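Novice: Predicted model and sequence follow; I will ask about them next.
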Amino acid sequence: MGMWNDRTGGRPFRLTACAASALLGCGILVLPDAARSQSLYSNQSATDDSSLSDTLPGNAATGGSSSAGSATSTKTSKAATQSTSDDSNAPLNPRLRLDGTDAQTTGSILDDDLRRLNARETTVDNLNAKQHPDRDDAQGIPIGTFTLRPSVNQSVNYEKQTTGSVDDEDRSYLQTDLNGTLTSDWDRHSLTIKGDGVWQKNISGTGEEKPTVDINADLRLDLPSDTTAHVTAGYQFFREDTDDPNAIANASKQSAVNQFDGGFSIERDFGLLRGTTAVALTRTIYSNATLSDGTEVNLSDRNQTAGTWRGRIGYELSPAIIPFIEADLGRTLYDQHLDSDGYARSNHGYGGKVGVEVDLGEKLKGELGIGYQRTEFEDSRLEAIDSPTIDGNIAWSPQRGTDVNIGFSTSVEPSTAAGDSGYVAYQLTNTINHQLRDNLTGKLTGGITWRDYPSNSTFDDETVYDIGTGLAWGINRYFDLTGDLGYELTSRKTGDDTQQFIAGIGIAAKR
């Protein structure tokens, strides 16, 4: 396993790998992404309440995609499906969120996948898997010209982590997941606000609790001349995971991260041509970390502001096939010119790709792009990071009630370790939803992430495998019973492997 510098004394220490789940979306950069912690800019692919036909690549509600640098692990454009009842915000890309970015993860990929297993599902063919003529599913709460769809899941969980043959920690804990989506019902324009929160409380054992808050808003403006604009804003709170490569060794409480996002994008059709441009700003603030002896470690040298610009031009060969070319530029400025190790971490990056968007009807949609990404640092001692990239995803419904989502991504991720620039993460993810019965849905999620460190890095390459499965039983219109199992393995060329196992059962209330 790689060695990171201990900020408190310069001593090296071992850390397990963070979960990198940055997925690029099947969108076209209309919804700009939010740069995550230590990020030059982040990958795009997100969810939306608009219909699938309106959110596929090349349409106004989609977000662009770009491989980007991120010191925390990437977690997952506005390309989403919608059920006939507008019941969910499930993304084409398995790990995406509302604002056009991949959801935050500075920790276990598995944690995010299991939360996603319990999310309200949608289908590729616009048919709600839970909707049935004999059932009266909850349709939300009307509030003026808006509809609010809230849900809460209360679960009891068990988690165990092992490094080599040693049990690092295990715990039993209560977890409350709060989710809500507020959507407008206007003749023109639309506003979607989505909020998610996770609260945990240990009831036995040891292990850090992982609270999160994620709020995102998207205002779509339908302008004249086949022009659509999006104004986005978001807020994230999360605690950096112990397994993150940039986390502090032996900390009893990792840094709490506050992230503020804002962006604007505009798309216009020019006959057979489609043009999109987008800008985004992200402000990231880190609190102090607390060591096991009570000492606090100041991480203000990681506070940063990041900006990105993206543009895409697509040519409509046919309504089903649209080749495109895309370019992006990014700039990250740290509040402190030099970090605690004396390195100037501010950076800039650029990249581009060519690809094709495919829409073969309501059963198969997606995008695939091949390109190049590069991140350069102000400090000449830090080697630039670059890599060829392959990004995209596929949404496929082989039969009614079954949905398959496959995602590919490449991300260039700077680090905060002394002397290390960062690494390139390559990821493949998959999610399968299947309606077993009218009121019983099974889900399976998994993925492979390969972190490729430069030859001169103090880190060894790592491969992360994860798989999760879950069942949701609809007791009645207001309550679901849920159950989850998940496993993650971090394999290293040298050093001990790390394993994580999570199991939980809960009940979800919804309107």
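Specialist: Yep, it's here.
Novice: pretty sure residue 225 contacts residue 268?
Specialist: Yes. With the criterion set as Cβ atoms under 8 Å, residue 225 and residue 268 qualify as a contacting pair; they are 6.9 Å apart. For the C-beta atoms, the positions are set from N, CA and C on the backbone; glycine is no exception.
Novice: more neighbours, those two?
Specialist: Neighbour totals were compared for residue 225 and residue 268, and residue 268 leads with 16 against 7 (other Cβ atoms under 10 Å).
Novice: next one: phi and psi at residue 112?
Specialist: Phi and psi for residue 112, reported as degrees, to the nearest 10, are phi -70, psi -40.
Novice: what does residue 240 give?
Specialist: phi -60, psi 130.
Novice: quick one: it and residue 324, what's the gap?
Specialist: Summarising the geometry, the distance separating residue 240 from residue 324, computed by Cβ to Cβ, to the nearest Å, is 35 Å.
Novice: So for these two, which sits in the more crowded spot?
Specialist: The neighbour comparison of residue 240 against residue 324 (other Cβ under 10 Å) goes to residue 240, with 29 against 22.
Novice: And the pLDDT for the closest residue to the more buried one other than its chain neighbours?
Specialist: Setting aside the residues directly before and after it, residue 240 is nearest to residue 254 in space (Cβ to Cβ, 6 or more residues apart in numbering), at 4.2 Å. Turning to residue 254, the model gives it a pLDDT of 84.
Novice: Give me the phi and psi for residue 254.
Specialist: Dihedral pair for residue 254: phi -80, psi 170, per degrees, to the nearest 10.
Novice: Against residue 360, how distant is it?
Specialist: Using Cβ to Cβ, one gets 45 Å for the distance from residue 254 to residue 360.
Novice: rewinding a little: what's the residue nearest to residue 240 in contact with, if anything?
Specialist: Residues touching residue 254, when contacts are defined by Cβ atoms under 8 Å, 6 or more residues apart in numbering, comprise 208, 239, 240, 241, 242, 244, 247, 248, 289.
Novice: The fourth one: how many residues sit nearby?
Specialist: The number of residues packed near residue 241 is 20, by other Cβ under 10 Å.
Novice: next one: the second one
Specialist: For residue 239, the tally of surrounding residues (other Cβ under 10 Å) stands at 21.
Novice: again, but for the last one
Specialist: Applying the criterion other Cβ under 10 Å, we find 24 residues in the vicinity of residue 289.
Novice: buried ones in stretch 445-454?
Specialist: Using 16 or more other Cβ atoms under 10 Å as the burial criterion, the residues of stretch 445-454 that qualify are 445, 446, 447, 449, 450, 451, 453.
Novice: from the residues you listed, which ones fall inside strands?
Specialist: 445, 446, 447, 449, 450, 451 (DSSP state E).
Novice: would you list those residues in CSV and tack on distance to residue 316 and pLDDT?
Specialist: Converted to CSV, these look like this (distance: Cβ to Cβ, whole Å; pLDDT from 0 to 100):
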residue, distance to residue 316, pLDDT
445, 33, 91
446, 35, 89
447, 32, 90
449, 34, 89
450, 35, 89
451, 38, 86
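Novice: From what I see, residue 322 and residue 313 are in contact.
Specialist: No. Judged on Cβ under 8 Å, residue 322 makes no contact with residue 313 at a distance of 10.3 Å.
Novice: Which one of those two is surrounded by more residues?
Specialist: The neighbour comparison of residue 322 against residue 313 (other Cβ under 10 Å) goes to residue 322, with 24 against 16.
Novice: how much space between that one and residue 404?
Specialist: Residue 322 sits 22 Å away from residue 404, taking Cβ to Cβ as the criterion.
Novice: which stretches of the stretch 51-200 of the chain have low pLDDT?
Specialist: Scanning the stretch 51-200 of the chain for pLDDT under 70 picks out 51-108, 115-138, 166-167.
Novice: Mind doing that once more with 80?
Specialist: Applying pLDDT under 80 to the stretch 51-200 of the chain picks out residues 51-139, 164-168.
Novice: same check, this time on the stretch 351-500 of the chain
Specialist: 362, 414, 416-419, 454-460, 493-495.
Novice: re earlier: could you tell me which residues touch both of residue 322 and residue 313?
Specialist: Taking Cβ under 8 Å, 6+ apart as the contact criterion, the residues that touch both residue 322 and residue 313 are residue 274.
Novice: burial of the closest residue in space to residue 439 that isn't next to it in sequence, as a residue count?
Specialist: Distances taken as Cβ to Cβ, 6+ apart put residue 474 closest to residue 439, at 3.8 Å, once the chain neighbours are dropped. Residues within reach of residue 474, counting by other Cβ under 10 Å, total 20.
Novice: for residue 466, same thing?
Specialist: Residue 466 is flanked by 25 other residues according to other Cβ under 10 Å.
Novice: Quick check: it touching residue 431?
Specialist: No. Taking contact to mean Cβ under 8 Å, the distance of 11.8 Å between residue 466 and residue 431 leaves them out of contact.
Novice: Going by residue numbers, what spans are helices in the protein?
Specialist: For the chain, the helices identified by DSSP state H occupy 52-55, 109-117, in order along the chain.
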